[in-house]
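Enquirer: model this:
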Amino acid sequence: MNTTDTAPPAPVMNAGASHEPARAAASMIQYGLLVAVLAALLFGILGAVLATGEPPRSPGWIQIIGQLLGLVGGVMFFTGIIRFAPIEPKPRDGGRVLRGLAFAMIALTVFDFLLTGVGVLLGSLVLVGLSTLPSLANIVISLILVVLLMIRVREWGETLGDDRLAKRAHLNRILIPLLMTVGVLILIGPLIGLVLFYNTFDALRKALAAPSI
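Expert: So this is what the prediction gives:
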């Protein structure tokens, strides 16, 4: 009689399941950005139309609602980054830098919303003007975040064997910051940059959901 111990066969694990948290976080980043951008565009246009009416009407409430929806989108976006950061395709620092920047941007976004909201309600141009300070800080941090996120997406592309995704992210780590800054000279440069960012994370999400992963 054979007394050799035979271990039961290891259960087959769905390879794609290990990437599900990254895919969910990428979706949150993607759709949070979409909500924030659409809120800024729609309520910015609506506020401008109301302000040029006959007689001009105060767009203050429009500004508050638009910023509130933008805040919701921003929180989704930054929460997605916080969830995405520690899921490392390659050994690193556990995403501490990305998470730290995301938390800083959440704090600045909330501070900006409070300054603007209180300033509009009180009719204080000083408070509304001060809200530009956290906005400027957010712009600087967001540019750093874009670079770091594109580097992370490139590494995911390399890990998944998706050369097209890796090359796209490698190019966009330079192209998107340029469009967000120098691109203002062609007016729609920042919007093009946001579309590229959105599409890059859309491609990552689909790559992570592919059955072959």
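
Enquirer: what residues does stretch 180-189 touch?
Expert: The contact list for stretch 180-189 (C-beta atoms under 8 Å, 6 or more residues apart in numbering) reads 139, 142-143, 146, 179, 190, 192-193. All C-beta spots, glycine's among them, are computed from the backbone N, C-alpha and C.

Enquirer: show me which of these are buried.
Expert: Buried subset of these (neighbour count, 16 or more other C-beta atoms under 10 Å): 142-143, 146, 179, 190, 193.

Enquirer: re earlier: could you dump the contacts of stretch 180-189 to a markdown table with secondary structure and distance to Val153?
Expert: Listed next are the contacts of stretch 180-189 as a markdown table, based on DSSP: H, G, I helix; E, B strand; the rest coil; distance: C-beta to C-beta, whole Å:
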| residue | secondary structure | distance to Val153 |
| --- | --- | --- |
| Ile139 | helix | 21 |
| Ser142 | helix | 16 |
| Leu143 | helix | 16 |
| Val146 | helix | 10 |
| Leu179 | helix | 17 |
| Pro190 | helix | 20 |
| Ile192 | helix | 18 |
| Gly193 | helix | 15 |
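
Enquirer: save these as JSON lines, and put in pLDDT and distance to Arg96 too.
Expert: Shown next, in JSON lines, are the contacts of stretch 180-189 (pLDDT from 0 to 100; distance: C-beta to C-beta, whole Å):
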{"residue": "Ile139", "pLDDT": "80", "distance to Arg96": "22"}
{"residue": "Ser142", "pLDDT": "84", "distance to Arg96": "18"}
{"residue": "Leu143", "pLDDT": "89", "distance to Arg96": "19"}
{"residue": "Val146", "pLDDT": "91", "distance to Arg96": "18"}
{"residue": "Leu179", "pLDDT": "91", "distance to Arg96": "28"}
{"residue": "Pro190", "pLDDT": "86", "distance to Arg96": "28"}
{"residue": "Ile192", "pLDDT": "91", "distance to Arg96": "31"}
{"residue": "Gly193", "pLDDT": "90", "distance to Arg96": "26"}
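
Enquirer: and which of those is nearest Asp163?
Expert: Proximity of those to Asp163 (C-beta to C-beta) peaks at Val146, which lies at 21.4 Å.

Enquirer: contacting residues around the nearest residue to the closest one once chain neighbours are set aside?
Expert: Taking C-beta to C-beta, 6 or more residues apart in numbering, and ignoring the residues beside it in sequence, Val146 has Ile176 as its nearest neighbour in space, at 5.2 Å. Shown in contact with Ile176 (C-beta under 8 Å, 6+ apart): 146, 150, 193, 196-197.

Enquirer: so for Ile176, what's the pLDDT?
Expert: On pLDDT, Ile176 comes in at 92.

Enquirer: do the same with Ile141
Expert: 84.

Enquirer: before we move on, what about Leu71?
Expert: Leu71 carries a pLDDT value of 76.
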